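>>> Would you be able to build a 3D model of this:
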Amino acid sequence: MSATLTATTTIGRIITGVAAAAVIWTASIPTDQASARSPFCGQRQTMVTALDKKFKETRRGIGLVSNKRMIELYVSGRGSWTVLFTHPNGTSCIGATGRNWQGLAPMEIPAPGAQSSF
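Numbering: from 1, shown residues only. Model (predicted):
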């Protein structure tokens with residue numbers, strides 16, 4: 001196996017692991033009224049406005065996870081990032097934050113048996 005293919009496979013495993021951890025973690029986010037009073041939760045528009053004003057973060061990705069929750073990724077030009085989970089009732093909670101976000105170009109995955117340029 002070439003070094004490039006090994007690195008690509010490793011990166012794919014890391015991304016899959018992070019995505020799986022995020023989905024599993026969402027099951028632990030409370031959906032009751034107490035979560036709405038948490039400093040890490042609030043109405044979606046309030047949270048989105050705060051991410052924009054305080055950190056200059058804009059939405060870069062979106063998806064659906066268990067229990068009809070929406071997951072969004074917000075990233076700033078300075079590299080700060082936030083994962084925001086939104087419940088069907090409109091309450092959003094911060095799931096994770098970090099620094100030094102590095103955007104990657106989408107990779108084309110060859111069909112099984114196809115010759116790869118890796």
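
>>> which residues of the protein fall in strands?
Using DSSP state E, the strands of the chain run over 41-43, 58-65, 69-75, 81-86, 91-98.

>>> what packs against the second one?
For strand 58-65, the contact count by 3 or more CB pairs under 8 Å, 6 or more residues apart in numbering; DSSP states H and E identifies helix 3-26, strand 69-75 as packing neighbours. Quick note: C-beta positions are derived from backbone N, CA and C, even for glycine.

>>> cool, and the third one?
Strand 69-75 sits against helix 3-26, helix 44-55, strand 58-65, strand 81-86, with contacts defined as 3+ CB pairs under 8 Å, 6+ apart.

>>> quick one: low-confidence ranges for the protein?
Across the chain, the ranges flagged by pLDDT under 70 are 1-39, 116-118.

>>> Run through the residues that contact Ser76.
The neighbourhood of Ser76, defined by CB atoms under 8 Å, 6 or more residues apart in numbering, consists of Phe55, Lys56, Glu57, Thr58, Trp101.

>>> Quick check: chain neighbours aside, which residue is closest to the second one?
If the residues on either side of it in the chain are set aside, Lys56 comes closest to Ser76, at 4.6 Å by CB to CB, 6 or more residues apart in numbering.

>>> what does the last one give?
With CB to CB, 6+ apart as the criterion, Trp101 has its nearest non-adjacent residue at 4.2 Å, and that residue is Trp81.

>>> Ok, Leu84 next?
Glu72 (4.7 Å).

>>> And for Lys68?
Counting by CB to CB, 6+ apart, Lys68 lies nearest to Pro88, which is 5.0 Å off, once chain neighbours are set aside.

>>> State the distance from the one you found to Ala114.
To Ala114, Pro88 is 41 Å away according to CB to CB, to the nearest Å.

>>> mind listing what Gly61 touches?
Contacts here follow CB under 8 Å, 6+ apart; on that basis Gly61 touches Glu72, Leu73.
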